[in-house]
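Colleague: structural data only, the sequence is not supplied:
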């Protein structure tokens with residue numbers, strides 16, 4: 001009787017077939033990727049809310065992978081994770097071709113409420129400085145929530161985000 005050697009590739013394929021959730025990005029990585037988004041206003045078609053969760057950290061606004069609100073009071077952006085998670089880390093990529101300082105003072109808020117568009121949910125972190133084109137990670141004690149908001153308090157502000165990544169414990 002001859003023994004056959006099973007290759008590692010076959011085992012991996014078998015595992016993936018038997019456990020389809022194994023490659024689900026919701027379990028392994030960025031919870032926000034491809035999520036349902038909204039923002040307080042949209043400057044133009046290049047600045048759509050969904051651009052912050054497209055998996056592309058390109059920080060040049062003209063390449064169409066960043067959000068952009070109008071000049072307004074307290075602009076905000078939100079992603080709906082479509083479930084409640086224990087969130088402990090948010091990574092943000094800032095615009096690189098100009099205006100990086102505009103993000104200073106923005107707040108990361110997490111929770112389950114849509115009162116005030118979710119902008120009164122628990123404060124997880126405040127963004128003090130991300131250099132032009134830079135990516136920074138904010139780590140904090142986990143907060144349970146479905147909605148992750150970035151709100152920029154103040155008058156005559158513009159909110160631009162080139163990528164927002166959300167991670168659970």
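Modeller: That came through fine. Nothing here was measured: the structure is a model prediction, and the numbers come from that model.
Colleague: just checking, residue 38 touches residue 78?
Modeller: Yes: Residue 38 lies in contact with residue 78 (CB atoms under 8 Å); the separation is 5.0 Å. Where C-beta positions appear, they are placed from N, C-alpha and C, glycine not excepted.
Colleague: quickly list what's touching both of those two.
Modeller: Taking CB atoms under 8 Å, 6 or more residues apart in numbering as the criterion, residue 38 and residue 78 both touch 49, 117.
Colleague: which of these two has more neighbours?
Modeller: With neighbours defined as other CB atoms under 10 Å, residue 38 and residue 78 compare such that residue 78 has more, 24 against 17.
Colleague: over to that one: give its phi and psi.
Modeller: Phi and psi for residue 78, reported as degrees, to the nearest 10, are phi -150, psi 140.
Colleague: tell me where the chain has strands.
Modeller: Taking DSSP state E as the criterion, the chain contains strands spanning 36-39, 76-93, 106-111, 122-127, 135-151, 163-168.
Colleague: which strands and helices sit next to the shortest one?
Modeller: Yep, that's strand 36-39 we're talking about. strand 76-93 (3 or more CB pairs under 8 Å, 6 or more residues apart in numbering; DSSP states H and E).
Colleague: if you set the cut-off to 10 Å instead, what comes out?
Modeller: strand 76-93, strand 135-151 (3 or more CB pairs under 10 Å, 6 or more residues apart in numbering; DSSP states H and E).
Colleague: how many other residues sit next to residue 83?
Modeller: The burial count for residue 83: 9, using other CB under 10 Å.
Colleague: just residue 106 next, same as before
Modeller: The local packing of residue 106 (other CB under 10 Å) involves 27 other residues.
Colleague: correct me if wrong: it contacts residue 69.
Modeller: No: counting by CB atoms under 10 Å, residue 106 does not reach residue 69; the two are 11.4 Å apart.
Colleague: if I look at those two, which residues touch both of them?
Modeller: Residues within reach of residue 106 and of residue 69 at once, by CB atoms under 10 Å, 6 or more residues apart in numbering, are 75-77, 152, 157, 159-161.
Colleague: can you put the residues you listed in CSV and add pLDDT and distance to residue 115?
Modeller: Converted to CSV, the shared contacts of residue 106 and residue 69 look like this (pLDDT from 0 to 100; distance: CB to CB, whole Å):
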residue, pLDDT, distance to residue 115
75, 98, 18
76, 98, 13
77, 98, 17
152, 98, 19
157, 98, 21
159, 98, 20
160, 98, 25
161, 98, 22
